[in-house]
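Participant: Whatever this is, show me its structure:
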Amino acid sequence: MFGRSREHRVFRYRAQAGTADRQRGDWCAGNTYRRTGELESDWALQRQHLSRIDRTAAAVFKCALDKQCTIQATDQNLKTAYVTSWSLGFQQQINSNLSIQADYVGNHGTKLVGMQYTNTPALGAGYCHNPDGSSFTATQIAAVATLVGKVGGSACPASFGTSTAVSAAAIELSRPLYGKFPYYSYIYTVSNPDMSNYNGAQITLTQRPTHGLSYTLGFTFAHALDMATSERGGPTNTPTNFRSDYSNSEFDIRKRFTATLTYALPGRDGFAQSLKGWKVTSIITAQSALPWGAAGNASIDVAGQNEFVDRWNFSGNPADFSDLGKGSVPYWTSGSTIPSGTNPRTGQPYVAADLAINNPTCTGAAASMVTLQRFGCYVRGGSVMSPPAYGTYGNLVRDFFRGNTFTNWDASVIKDWKFTERFSGEFRLEIFNVLNHTNFGNPQLMAAAIPTPSAHRIRSAGRITRRTWQTTTQHSGAVVPESSSWASG
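Facilitator: Numbers count the residues shown, from 1 in each chain. As a prediction, the model looks like this:
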């Protein structure tokens with residue numbers, strides 16, 4: 001398919017399994033073969049050049065049963081995403097200087113762009129289970145053994161224990177397009193599977209300057225939900241069910257309060273204007289915590305479908321796993337023998353009670369004693385997070401827990417001087433984080449992901465950590481270069 005133009009011709013080649021897809025545009029990583037001429041130009045040189053590209057692509061992008069390729073496609077019916085917004089509000093004047101405004105704001109994102117995992121293995125395939133939970137038939141097991149003989153790896157497990165290996169051959173055979181394209185693994189299709197919703201109530205109280213005091217107080221109570229906060233996000237552990245990812249958005253702040261206040265102090269003439277022109281300002285922010293979620297370790301495939309982001313099971317109150325400060329979720333270790341060394345949860349040498357299989361809360365919530373013994377569990381308060389059984393999904397939803405609240409107070413002292421009608425000056429002392437309050441960020445992974453003893457520990461503080469002072473001098477609206485700032489612990 002050659003794109004012709006009276007002015008130029010452009011060809012694009014995408015190497016896939018030793019082939020080249022001729023399309024108009026750039027080929028591979030942006031290399032373009034461009035030739036200008038009339039429609040009757042000689043094509044022989046171009047065909048020779050394209051043949052060399054084919055041979056190079058075949059050598060570099062060769063796919064096989066033991067070296068499968070991942071490709072990306074675009075839905076030919078891809079739609080334009082759009083957001084519908086609506087609002088309703090009223091404003092009431094309380095007196096000549098004080099007013100209140102209340103608004104309801106909502107929006108709905110439709111046909112948001114995301115990634116469909118077109119060639120995803122069936123749930124439980126790595127443990128030779130069918131999606132309905134039944135075991136592979138003798139024919140299926142024989143097919144797995146045949147593929148293992150060609151590419152290596154593990155056959156179907158005869159039993160399930162703490163060291164059961166996933167059968168990569170069984171996973172590949174379960175891919176929907178394996179019969180036609182056995183050399184392809186995942187096919188990421190750009191499509192429109194996602195949606196989002198936001199609903200919020202906003203109240204604002206505004207005081208215009210009265211006796212030197214003015215302020216604006218605002219409070220928002222809202223809820224933001226989506227299927228994927230990032231652009232072109234894919235599903236988490238449930239690649240055929242985007243709806244299961246519909247949960248709190250990563251920027252979902254349920255409650256937020258802000259206050260900005262300015263007070264012009266009464267003044268009087270004299271003493272070189274040192275008794276007048278003073279103002280103090282404050283900005284106060286307080287908001288509820290952002291959400292966070294947990295996913296399985298990148299080296300563990302409990303679901304048996306080569307996703308490596310397994311959802312675990314959770315029972316109890318999500319508040320027990322929220323607002324951790326700088327701590328971590330307590331972990332009860334895997335295994336059946338007491339490990340050596342010090343338990344980071346207790347700071348003491350490991351004892352038998354530190355094993356998950358010896359914790360009644362863990363065993364009472366366990367979907368499988370085998371996976372509990374293999375991966376351990378997390379317990380805080382009366383809540384527990386434990387691994388699902390082999391070949392199943394856990395019930396933990398995306399962004400289910402909450403991190404830490406955020407509070408901050410900034411203030412400034414301002415002194416104005418007026419020397420002439422055209423020349424004035426200003427001095428500012430600004431203090432950021434007046435109370436020197438540390439705002440911790442959301443839990444971050446110390447290792448790849450769960451299960452580890454230090455998973456979901458706070459690794460760093462949030463945006464504002466130390467009190468900072470800053471002075472600025474201005475004259476006639478121009479900032480004097482001798483400004484300075486410093487921090488105090």
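
Participant: Which neighbours in the sheet does the longest strand seen in the chain have, and how are they oriented?
Facilitator: For the chain, the strand with the greatest residue count under DSSP state E is strand 184-210. Strand 184-210 has the following strand partners under DSSP bridges: strand 69-74 (parallel), strand 98-117 (antiparallel), strand 213-226 (antiparallel).

Participant: Same question for it: list its buried residues.
Facilitator: By 16 or more other Cβ atoms under 10 Å, the buried positions in strand 184-210 come out as 184-189, 191-196, 198, 200, 202, 204-207. Every C-beta, even on glycine, is put in place using the N, C-alpha and C of the backbone.

Participant: Repeat that for stretch 354-361.
Facilitator: For stretch 354-361, burial by neighbour count (16+ other Cβ under 10 Å) applies to 354-357, 359, 361.

Participant: Repeat that for stretch 381-396.
Facilitator: 383-394, 396.

Participant: between these, which is nearest N436?
Facilitator: When the buried residues of stretch 381-396 are compared for distance to N436 (Cβ to Cβ), S383 wins out at 32.8 Å.

Participant: just for the stretch 151-300 of the chain, where's the confidence low?
Facilitator: 232-237, 298 (pLDDT under 70).

Participant: can you pull out the helices in it?
Facilitator: Secondary structure of the stretch 151-300 of the chain by DSSP state H, counting those that start in this stretch: the helices cover 168-173.

Participant: Show the contacting residues for the residue nearest to I338 when sequence neighbours are not counted.
Facilitator: What sits nearest to I338 in space, not counting adjacent residues and going by Cβ to Cβ, 6 or more residues apart in numbering, is Y350, at 5.2 Å. Counting by Cβ atoms under 8 Å, 6 or more residues apart in numbering, Y350 makes contact with 333, 338-343.

Participant: what about 7 Å?
Facilitator: Counting by Cβ atoms under 7 Å, 6 or more residues apart in numbering, Y350 makes contact with 338-339, 341, 343.

Participant: again with A264
Facilitator: 212, 279.

Participant: Identify the bridge partners of it.
Facilitator: When assigned by DSSP bridges, A264 has beta-bridge partners K279.

Participant: So L225 sits against S247, correct?
Facilitator: Yes: the criterion here is Cβ atoms under 7 Å, and L225 meets it with S247 at 6.5 Å.

Participant: quick revisit: distance to G149 and mean neighbour count for the strands paired with strand 184-210 - can I get that in TSV?
Facilitator: TSV is the format used below for the strands paired with strand 184-210 (distance: least, Cβ to Cβ, whole Å; neighbours: other Cβ atoms under 10 Å):
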stretch	distance to G149	mean neighbour count
strand 69-74	22	14
strand 98-117	28	16
strand 213-226	45	16
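
Participant: So which of those strands is nearest R311?
Facilitator: That would be strand 98-117 among those, by Cβ to Cβ, at 15.6 Å.

Participant: just how off-centre is that closest one within its chain?
Facilitator: 19 Å (Cα atoms, centre = their mean, to the nearest Å).

Participant: From Y393, how far off is E307?
Facilitator: E307 is 10 Å from Y393, where distance means Cβ to Cβ, to the nearest Å.

Participant: typo on my end, it should be S299
Facilitator: Look at S299 and Y393: by Cβ to Cβ, they are 18 Å apart.

Participant: before we move on, back to that, now render the strands paired with strand 184-210 as a markdown table, adding distance to F375.
Facilitator: Output for these, formatted as a markdown table (distance: least, Cβ to Cβ, whole Å):
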| stretch | distance to F375 |
| --- | --- |
| strand 69-74 | 27 |
| strand 98-117 | 24 |
| strand 213-226 | 29 |
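
Participant: out of the ones you listed, nearest to A143?
Facilitator: That would be strand 69-74 among the strands paired with strand 184-210, by Cβ to Cβ, at 21.7 Å.

Participant: Tell me the gap between the closest one and the middle of its chain.
Facilitator: Centre-to-centre, strand 69-74 and its host chain are 23 Å apart (Cα atoms, centre = their mean).

Participant: and if you look at stretch 368-379?
Facilitator: Here stretch 368-379 is found 26 Å from its chain centre; the criterion is Cα atoms, centre = their mean.

Participant: Can you give me the buried ones in it?
Facilitator: The neighbour-count check on stretch 368-379 (16+ other Cβ under 10 Å) flags 368, 370-379 as buried.

Participant: quick check, nearest of these to G89?
Facilitator: Y378 (43.8 Å).

Participant: can I assume that closest one is in contact with T333?
Facilitator: No: the pair Y378 / T333 is not scored as a contact, 10.8 Å apart, by Cβ under 7 Å.

Participant: How are the helices of the stretch 301-450 of the chain distributed by residue range?
Facilitator: Using DSSP H, counting those that start in this stretch, helices in the stretch 301-450 of the chain cover 360-365, 369-375.

Participant: Export the ones you listed to JSON lines and append columns for distance to L65.
Facilitator: JSON lines is the format used below for the helices of the stretch 301-450 of the chain (distance: least, Cβ to Cβ, whole Å):
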{"stretch": "helix 360-365", "distance to L65": "41"}
{"stretch": "helix 369-375", "distance to L65": "30"}
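
Participant: Domain ranges for the protein, per the record?
Facilitator: Domains of the chain are assigned by automatic domain parsing as 9-62, 121-174, 265-489.

Participant: what's the closest of those domains to T84?
Facilitator: domain 265-489 (23.3 Å).

Participant: so what's the residue nearest to Y117 when sequence neighbours are not counted up against?
Facilitator: Spatial nearest neighbour of Y117, excluding adjacent residues (Cβ to Cβ, 6+ apart): P239 at 3.9 Å. Residues near P239 by Cβ under 7 Å, 6+ apart: 117, 120, 307.

Participant: pLDDT weak spots in the stretch 1-150 of the chain?
Facilitator: By pLDDT under 70, the weakly predicted segments of the stretch 1-150 of the chain are 1-61.

Participant: can you map out the strands along it?
Facilitator: Applying DSSP state E, counting those that start in this stretch to the stretch 1-150 of the chain gives strands spanning 9-11, 15-16, 19-20, 33-35, 69-74, 82-93, 98-117.

Participant: and if you look at the stretch 301-450 of the chain?
Facilitator: Going by DSSP E, counting those that start in this stretch, the stretch 301-450 of the chain shows strands at 313-315, 331-332, 377-380, 383-386, 401-402, 406-418, 424-432.

Participant: how about CSV for those, with distance to F251 and mean pLDDT added?
Facilitator: Formatted as CSV, those follow (distance: least, Cβ to Cβ, whole Å; pLDDT from 0 to 100):
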stretch, distance to F251, mean pLDDT
strand 313-315, 22, 95
strand 331-332, 28, 92
strand 377-380, 25, 93
strand 383-386, 24, 94
strand 401-402, 13, 92
strand 406-418, 13, 92
strand 424-432, 23, 88
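
Participant: how about the ones you listed in TSV, adding distance to G441?
Facilitator: Listed next are the strands of the stretch 301-450 of the chain as TSV, based on distance: least, Cβ to Cβ, whole Å:
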stretch	distance to G441
strand 313-315	22
strand 331-332	20
strand 377-380	19
strand 383-386	21
strand 401-402	13
strand 406-418	10
strand 424-432	18
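
Participant: All set, thanks.
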